[in-house]
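Enquirer: predicted model follows, preceded by the sequence.
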Amino acid sequence: MKFLTMSLSCLLVLGCASKPKVVQQEISDEDLKTFEVGMKALDEENYSEAAKIFDKLLKDKPATEIDLITIYNSGAAYEGMGQCRKAADRYRQVVRGSVKKFKRLEVEALYRLSYAYECLGEDQKVVAALLDVHRRSATMNPAVAKAEVPARLAAAYARLDNQEQAKAYFNIADKGLLELRSEIQTARQAKISL
């Protein structure tokens with residue numbers, strides 16, 4: 001969970017620093033402090049407190065990246081508490097709000113949505129969410145995109161008793177692991193030769 005919150009913090013900082021926004025995102029100092037307290041609660045796995053804090057910050061019509069990250073973090077808090085339905089609702093809200101505007105946030109929300117669906121035992125929806133993630137994986141961590149997403153797709157298809165698709169995605173995951181291993185070895189060799 002710490003990796004999740006740290007990556008979203010980096011996403012927020014990099015997203016704001018990488019390109020100018022047409023609409024200035026206004027956030028009060030008080031809201032920023034509240035947001036940071038919520039992030040600390042998430043890091044400490046105090047999900048109940050984090051959910052309360054992020055829900056307090058939610059807006060009726062989220063329009064900015066910060067609004068959507070707040071909703072995402074609320075979903076993460078509910079996911080941590082095992083309230084999968086509420087987490088799924090939050091992640092879907094982020095997906096809808098970020099379409100074509102915040103591609104990385106969209107794919108991260110879809111990815112977490114697949115976990116919420118898995119928690120709910122809705123494997124058809126797990127597959128649908130992961131297929132969307134797989135198609136949009138260019139903005140994701142390569143290890144997740146190349147190995148974890150296909151492996152989770154293979155597992156979901158296996159639970160649905162679709163052995164053909166399960167095997168196909170297992171092979172994609174296996175190939176992804178081999179690519180990652182090769183990249184790591186190449187990097188190590190380059191480091192040694194310096």
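Expert: Everything's here; your move.

Enquirer: Asp161 in helix, strand or coil?
Expert: Recorded secondary structure, Asp161: coil (DSSP: H, G, I helix; E, B strand; the rest coil).

Enquirer: output stretch 162-176 as PDB, restricted to C-alpha atoms.
Expert: Extracted in PDB, the C-alpha atoms of stretch 162-176 (Å, rounded to 0.1, in the frame of the first residue of the first chain):
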ATOM      1  CA  ASN A 162     -11.600 -20.600 -20.100                       C
ATOM      2  CA  GLN A 163      -8.400 -22.700 -20.300                       C
ATOM      3  CA  GLU A 164      -7.500 -21.500 -23.800                       C
ATOM      4  CA  GLN A 165      -7.300 -17.800 -22.800                       C
ATOM      5  CA  ALA A 166      -5.800 -18.700 -19.500                       C
ATOM      6  CA  LYS A 167      -2.900 -20.400 -21.200                       C
ATOM      7  CA  ALA A 168      -2.500 -17.600 -23.800                       C
ATOM      8  CA  TYR A 169      -2.100 -15.000 -21.100                       C
ATOM      9  CA  PHE A 170       0.100 -17.200 -19.000                       C
ATOM     10  CA  ASN A 171       2.400 -17.500 -22.000                       C
ATOM     11  CA  ILE A 172       2.400 -13.700 -22.400                       C
ATOM     12  CA  ALA A 173       3.200 -13.300 -18.600                       C
ATOM     13  CA  ASP A 174       6.000 -15.900 -19.000                       C
ATOM     14  CA  LYS A 175       7.400 -14.000 -22.000                       C
ATOM     15  CA  GLY A 176       7.200 -10.700 -20.100                       C
END
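
Enquirer: for the residue nearest to Phe102 when sequence neighbours are not counted, what are phi and psi?
Expert: Among residues not flanking Phe102 along the chain, Glu65 sits closest, at 5.4 Å (Cβ to Cβ, 6 or more residues apart in numbering). Where you see a C-beta, it was placed from the backbone N, CA and C, and this is true even at glycine. Glu65 adopts backbone torsions of phi -60, psi -40, taken as degrees, to the nearest 10.

Enquirer: look at Glu65 and report its pLDDT.
Expert: On the pLDDT scale, Glu65 is placed at 87.

Enquirer: state the distance from it to Glu183.
Expert: Taking Cβ to Cβ, to the nearest Å as the measure, Glu65 falls 30 Å from Glu183.

Enquirer: and the residue nearest the centre of the chain, what element?
Expert: Among the residues of the chain, the one closest to the centroid is Glu108, at 2.6 Å (Cα atoms, centre = their mean). Element membership of Glu108, judged by DSSP states H and E, is helix 103-120.

Enquirer: on that earlier part again, the residue nearest to the centre of the chain contacts Asn73, correct?
Expert: No. Using Cβ atoms under 8 Å, Glu108 makes no contact with Asn73, being 11.3 Å away.
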